[in-house]
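1. sequence and predicted model, in that order:
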Amino acid sequence: MASLIHMSSATTIFTSSSSSSSSSSTAARLLHFTTTTKFPNTISRSNPLQFRISNPKFPKTIITHSSSSSASAIQVDNETAATVIDGKRVAKDIREEVAVEISRMKDEIGIVPGLAVILVGDRKDSATYVRNKKKACDTVGINSYEVQLPEDSSEEEVLKHISKFNDDPSVHGILVQLPLPSHMNEQNILNAVCIEKDVDGFHPLNIGRLAMRGREPLFVPCTPKGCIELLHRYDIPIKGKRAVVIGRSNIVGMPAALLLQREDATVSIVHSRTKNPEEITRQADIIISAVGQPNMVRGNWVKPGAVLIDVGINPVEVRSRKPRGYRLVGDICYEEASKVASAITPVPGGVGPMTIAMLLSNTLLSAKRLHNFRFDRFDVFGVWVCLKAPLK
Ligand SMILES: Nc1nc2c(c(=O)[nH]1)N[C@@H](CN(C=O)c1ccc(C(=O)N[C@@H](CCC(=O)O)C(=O)O)cc1)CN2
């Protein structure tokens, strides 16, 4: 079976905008990223669920007025007063933070992280995501290796490439773009990625560890990790809150619920067989929706002041001049829900960009771990990654 292997040696980005003059402040922000440190008290909580801006000195990470360089305020939808959680902006900050660390690692031990991506078939959306992953790697200085296989490839073909990347010391992260063609057994393929390089966090051992108290996964799946990272970066409390996850997929809903639980939320999962889901979501302080049903969560499903994280990316046909002929909408009816919520992620520009940012962060984490490079005490989920920790 023909396969195309494309290898690119990525460049470090320390020449232009992320100049060395800004590296110390960026490195400082990295602490927020690599530890559980929260931002300063930037949001008042007179009503514990109603987050309002009280401090104009909001950190750069969550300033979203892209036209202005002044650190004025987070973006608030004027009509609704809900804070718009700007994933695009946060993802950009994370890319800068990852780039600083990659540069430091290269300077200190001469190691450049490598990410291998396997794409099977010709789904346009998957090809776009893989292209964007490669672009993101180039931006931060990660070497990327890509294998493209035709739709009718055999499972063995995919396994052969995984095995090769498992053995390649220049590769620190391996991912197989999902979904796979229907004739392939996804489990067999995900099981074959060695857990030390499982930057998607989909290996059953990583998911199993995520589910167990007292055990730590080596990697957390990127999209749910991105959801929690957004909550952290917007200083939105999770501990003791009621959280509802809508959807129970292996790659988003289930790990998102596990992560919220690890953060001491009280978690309910709503799924396709749940009766009267709106009665459950109405009790939630935090909703993460990942079902792929456009505008399913209406305004009257939401408790006033709730925080809404929308993972759905649903194409909806439009008869306009839009070149694509469709626009993207989330699972949450933004127009209605943003009038009730205190904070909400938009689609596009919310959780989506965080998926790739978290992949870069996981790849960096993997390279650091595999080379015993200095860790910053905790990763974003408080997973202990102590200095020179031996790999267990
Ligand atoms: N192996 C994996 N497969 C898939 C994953 C994954 O994490 N690992 N997640 C999704 C697809 N995905 C990354 O692979 C992904 C989805 C969406 C976005 C994103 O940035 N979305 C934008 C909108 C993009 C557009 O305009 O089309 C947004 O929401 O703003 C990035 C990555 C399934 N497969």
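-> Cool, the structure landed. Numbers count the residues shown, from 1 in each chain.

2. could you say which helix or strand holds the residue in the chain that the ligand sits nearest to?
-> At 2.0 Å from the ligand, Gly352 is the closest residue in the chain, using Cβ to the nearest ligand atom. (Glycine included, C-beta is placed from N, CA and C.) Element membership for Gly352, per DSSP states H and E: helix 351-370.

3. what do you get for Gln148?
-> Per DSSP H and E: strand 143-149 holds Gln148.

4. what angle separates that strand from helix 351-370?
-> Angle of strand 143-149 versus helix 351-370, following axes from the mean of the first three to the mean of the last three Cα atoms, to 10 degrees, is 110 degrees.

5. who does strand 143-149 pair up with?
-> Sheet pairing for strand 143-149, assigned by DSSP bridges, gives strand 4-8 (antiparallel), strand 114-120 (parallel).

6. kindly format the C-alpha coordinates of that strand as PDB.
-> Once non-C-alpha atoms are left out, strand 143-149 reads as follows in PDB (Å, rounded to 0.1, in the frame of the first residue of the first chain):
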ATOM      1  CA  ASN A 143       9.500  18.700  14.300                       C
ATOM      2  CA  SER A 144       6.600  17.100  12.600                       C
ATOM      3  CA  TYR A 145       6.400  13.700  10.800                       C
ATOM      4  CA  GLU A 146       3.300  12.900   8.800                       C
ATOM      5  CA  VAL A 147       2.100   9.700   7.300                       C
ATOM      6  CA  GLN A 148      -0.800   9.800   4.900                       C
ATOM      7  CA  LEU A 149      -2.500   6.500   4.000                       C
END
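
7. any part of it near the ligand?
-> No - against the ligand, strand 143-149 shows no contacts by Cβ under 6 Å from any ligand atom, the least distance being 12.9 Å.

8. and the next helix or strand past that strand?
-> Past strand 143-149, the next helix or strand by DSSP H and E is helix 155-167.

9. check which helices and strands that next one sits against.
-> strand 114-120, strand 143-149, strand 173-176, helix 186-192 (3 or more Cβ pairs under 8 Å, 6 or more residues apart in numbering; DSSP states H and E).

10. let's have these in CSV, adding mean neighbour count and mean pLDDT.
-> CSV is the format used below for those (neighbours: other Cβ atoms under 10 Å; pLDDT from 0 to 100):
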stretch, mean neighbour count, mean pLDDT
strand 114-120, 25, 98
strand 143-149, 21, 98
strand 173-176, 26, 98
helix 186-192, 16, 98
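
11. picking that back up, distance from the strand holding Gln148 to the middle of the chain?
-> Relative to its parent chain, strand 143-149 has a centroid offset of 21 Å by Cα atoms, centre = their mean, to the nearest Å.

12. cool, and stretch 207-222?
-> 16 Å.

13. now swap in stretch 282-291 and tell me
-> Remark: stretch 282-291 is offset 17 Å from the chain centroid, using Cα atoms, centre = their mean.

14. which residues of the stretch 51-200 of the chain lie near the ligand?
-> Tyr129, Leu175, Val176, Gln177, Leu178, Asp200.

15. using PDB, write down the CA coordinates of the helix ranked longest in the chain.
-> Counting by DSSP state H, the longest helix found in the chain is helix 87-109. The C-alpha trace of helix 87-109 is given here as PDB (Å, rounded to 0.1, in the frame of the first residue of the first chain):
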ATOM      1  CA  GLY A  87     -10.000  30.200  23.200                       C
ATOM      2  CA  LYS A  88      -8.200  31.600  20.100                       C
ATOM      3  CA  ARG A  89      -6.400  34.100  22.300                       C
ATOM      4  CA  VAL A  90      -5.600  31.600  25.000                       C
ATOM      5  CA  ALA A  91      -4.300  29.100  22.500                       C
ATOM      6  CA  LYS A  92      -2.000  31.700  21.000                       C
ATOM      7  CA  ASP A  93      -0.600  32.500  24.500                       C
ATOM      8  CA  ILE A  94      -0.100  28.800  25.100                       C
ATOM      9  CA  ARG A  95       1.800  28.400  21.800                       C
ATOM     10  CA  GLU A  96       4.100  31.200  22.800                       C
ATOM     11  CA  GLU A  97       4.700  29.600  26.200                       C
ATOM     12  CA  VAL A  98       5.400  26.200  24.600                       C
ATOM     13  CA  ALA A  99       7.800  27.900  22.100                       C
ATOM     14  CA  VAL A 100       9.800  29.500  25.000                       C
ATOM     15  CA  GLU A 101      10.100  26.100  26.700                       C
ATOM     16  CA  ILE A 102      11.100  24.300  23.500                       C
ATOM     17  CA  SER A 103      13.800  26.900  22.800                       C
ATOM     18  CA  ARG A 104      15.100  26.500  26.400                       C
ATOM     19  CA  MET A 105      15.200  22.800  26.000                       C
ATOM     20  CA  LYS A 106      17.000  23.000  22.700                       C
ATOM     21  CA  ASP A 107      19.600  25.500  24.100                       C
ATOM     22  CA  GLU A 108      20.200  23.400  27.300                       C
ATOM     23  CA  ILE A 109      20.200  19.800  26.000                       C
END
